[in-house]
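Chemist: what follows is a protein structure lacking sequence information:
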């Protein structure tokens, strides 16, 4: 199992974005925010660390010695930038497909409005 099969582009983007904005987030909070299991977050964070995209550091002033800061490395920031562009491309394609579907539905609704049989009224 590799990272790409565990997390799709959208989730990888959201994970890196979340870590960049909230490096002190717990794995449990990350899992809740992304809607994935705690085990999946743990696995993916380890994969990101193995790839050199994220570093984990203990909180210096934390009473919870298991608390970590997840910091994006320069390589991680570059990957987040790449994923931002890819995610934007995916969302624009989805928006275009949705616009086309809406246009088709409007045409169908207009046609059905003109052709409505009396028995279906």
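Modeler: Cool, got the structure. It should be emphasised that the depicted structure is a prediction, and the values quoted were computed from it without experimental measurement.
Chemist: name the SS class of the residue nearest to the spatial centre of the chain, please.
Modeler: Central residue of the chain (CA atoms, centre = their mean): residue 11, 2.7 Å from the mean position. Using DSSP: H, G, I helix; E, B strand; the rest coil, the three-state assignment for residue 11 comes out as helix.
Chemist: in contact with the residue nearest to it when sequence neighbours are not counted, which residues?
Modeler: Distances taken as CB to CB, 6 or more residues apart in numbering put residue 34 closest to residue 11, at 5.9 Å, once the chain neighbours are dropped. For the C-beta atoms, the positions are set from N, CA and C on the backbone; glycine is no exception. By CB atoms under 8 Å, 6 or more residues apart in numbering, residue 34 lies in contact with 11, 14, 15, 18, 41.
Chemist: residue 24 reaches residue 67, doesn't it?
Modeler: Yes. Between residue 24 and residue 67 there is a contact under CB atoms under 8 Å: 7.2 Å.
Chemist: show me where this protein has its strands.
Modeler: 54-58, 68-72 (DSSP state E).
Chemist: which non-adjacent residue is nearest residue 79?
Modeler: residue 53 (5.3 Å).
Chemist: need the pLDDT of that neighbour.
Modeler: Residue 53 carries a pLDDT value of 94.
Chemist: quick one: contacts for it?
Modeler: For residue 53, the contacting residues are 16, 72, 73, 75, 76, 79, by CB under 8 Å, 6+ apart.
Chemist: count residues in the vicinity of the fourth one, would you?
Modeler: When neighbours are defined as other CB atoms under 10 Å, residue 75 has 13 of them.
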